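>>> The following block contains a protein sequence and its predicted model.
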Amino acid sequence: MSIENPHTHRTADHLRTAHSVLTVRQLRERGVTPGVIAERCRPGGPWQQVLPQVYLLHSGPPNSAERLEAALLYAGRDPGAHGPLGGGREAMVTGLAALALHRFSSVPPLPGLPRIDVLVPRQRRLRDAGDVAIRRTNALPRPQEVAGLPCAPVPRALADAVAELDDAETVRRMLTEAVRGGHCDAGAVLEELEHARLLDRPQVAAALDALLAEGRSVAEDRLIAMVRCHALPDPVWNVDLRLPGGPPLGGVDAYWPEHAVAVEIDARTVRPGTAAGGDGHGDVYATDAYGDGDAYGPGGTYGPGGAFDQLFDRAFEHGFENAEDDAVWSRYARERERLEALGITVIHLTPAKLRDSAEQQAAIVRTALMASADRTPAAYVVVTPR
């Protein structure tokens, strides 16, 4: 029979109700000695060691929240530190576990995941342990807080999850759900997959058309919402334009015939090899990284004039990687030039602009409609459904 200090006993009992997962350092800071830890973790005891230096202060299996907290503590997260770096030892949930926290229906719920992926700085010396898989990165992205836990932004979590998957249908469901569910834009997903060098994998390549189609569908819905919410005149939607008896001039997403104003959603994407800058895996740690409010404002990564718009512009101006892309965008430019030469005002809106600055984009369209009365009348064109 062992005799323990009554004060230590009370401290340990209090910890059971106040905390369920603690590191050995946290226990010692609370006055729990190594002997008490060992005694309580004996076979059949009330505590258990679930990961190196990490203890669960009850018997029985940990629940999902405890598994996640234990994984983060093992990876070096300091729960008492403030700020996204966590005192320089931050860690965040990524991969399927992060997507489950974001409530993706295309991934198993947390209790069904055999593994929890945790993203840490590359210099951390850690190995996989128990159900925790360590992923290293040159620079941490800014985490998003989900259920009180730091999670990798959805594009990064998707890339980490997809890197471990072989099933094309599962990959397709995950990528399209990210866009359809409003977690991020298709462009953000493509950029992260490009940085991770995953676009050439068959299961990813097979899902790209569905991802781009989902991105365009969401952007079209935003365009319709912009017109209605900001009381713009109703246009005709998704039409082809042509001169009477002449060749087609191209299609537009919205057209105001009486004003000769057209809107096109510029959903250009970049093929493998054209993404700009950066080694690693989309490793961004800045105020405009994914999920931060500044990312989608003017000058932000995905806002008007931001890095992703600039990436599109560079690709468009300097050419694409293969002849198919060159032909597509050359035709795109010729169609735009023909419409403008006929006196039709063409306004290009990106999905990011439609999402984050709809009021500003509506003002641009309204100004073009009002200015039509002062312009030279445009050539008559035939409008047909697309």
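Okay, I see it.
>>> so what secondary structure elements neighbour whichever strand or helix holds residue 190?
In this assignment (DSSP states H and E), residue 190 forms part of helix 186-195. When contacts are defined as 3 or more C-beta pairs under 8 Å, 6 or more residues apart in numbering; DSSP states H and E, helix 186-195 packs onto helix 154-162, helix 168-180, helix 202-229, helix 307-318, helix 351-356. Where you see a C-beta, it was placed from the backbone N, CA and C, and this is true even at glycine.
>>> Counting neighbours, what do you get for residue 184?
21 (other C-beta atoms under 10 Å).
>>> let me fix that: residue 350
Neighbours around residue 350, by other C-beta under 10 Å: 24.
>>> What confidence value was assigned to it?
On pLDDT, residue 350 comes in at 84.
>>> Residue 342 now?
Per the predicted model, pLDDT is 88 at residue 342.
>>> one step back: most tightly packed of the helices and strands packed on helix 186-195?
Scoring these by mean neighbour count under mean count of other C-beta atoms under 10 Å gives helix 154-162 as the most buried, with a mean of 28.
>>> List of residues touching that helix?
93-96, 98-99, 102, 107, 117, 119, 135, 141, 144, 151-152, 171, 174-175, 178, 183-184, 188-189, 191-193, 195-196, 198, 203-204, 281-282, 290-291 (C-beta atoms under 8 Å, 6 or more residues apart in numbering).
>>> now do 6 Å
94-96, 98-99, 117, 135, 141, 171, 178, 183-184, 188-189, 192-193, 196, 198, 282, 290 (C-beta atoms under 6 Å, 6 or more residues apart in numbering).
>>> and the angle for the helix holding residue 190 with helix 202-229?
160 degrees (axes from the mean of the first three to the mean of the last three C-alpha atoms, to 10 degrees).
>>> In helix 186-195, which residues are buried?
186-195 (16 or more other C-beta atoms under 10 Å).
>>> Repeat that for stretch 379-386.
residue 381.
>>> Output that stretch as CSV - backbone C-alpha positions only.
Output of stretch 379-386 as CSV, limited to C-alpha atoms (Å, rounded to 0.1, in the frame of the first residue of the first chain):
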residue,chain,number,x,y,z
ALA,A,379,-23.7,47.3,-83.9
TYR,A,380,-26.8,45.2,-83.9
VAL,A,381,-26.1,41.6,-82.8
VAL,A,382,-28.3,38.5,-82.7
VAL,A,383,-28.7,36.9,-79.2
THR,A,384,-29.2,33.2,-78.9
PRO,A,385,-29.3,30.9,-75.9
ARG,A,386,-26.0,29.2,-75.1
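>>> picking up where we left off before, which one of the helices and strands packed on helix 186-195 lies closest to residue 370?
Nearest to residue 370, of all these, is helix 202-229, at 15.2 Å by C-beta to C-beta.
>>> partners of the helix or strand following the closest one in the sheet?
Next in sequence after helix 202-229, counting helices and strands by DSSP H and E, comes strand 236-242. Sheet pairing of strand 236-242 (DSSP bridges) gives strand 248-256 (antiparallel), strand 382-385 (antiparallel).
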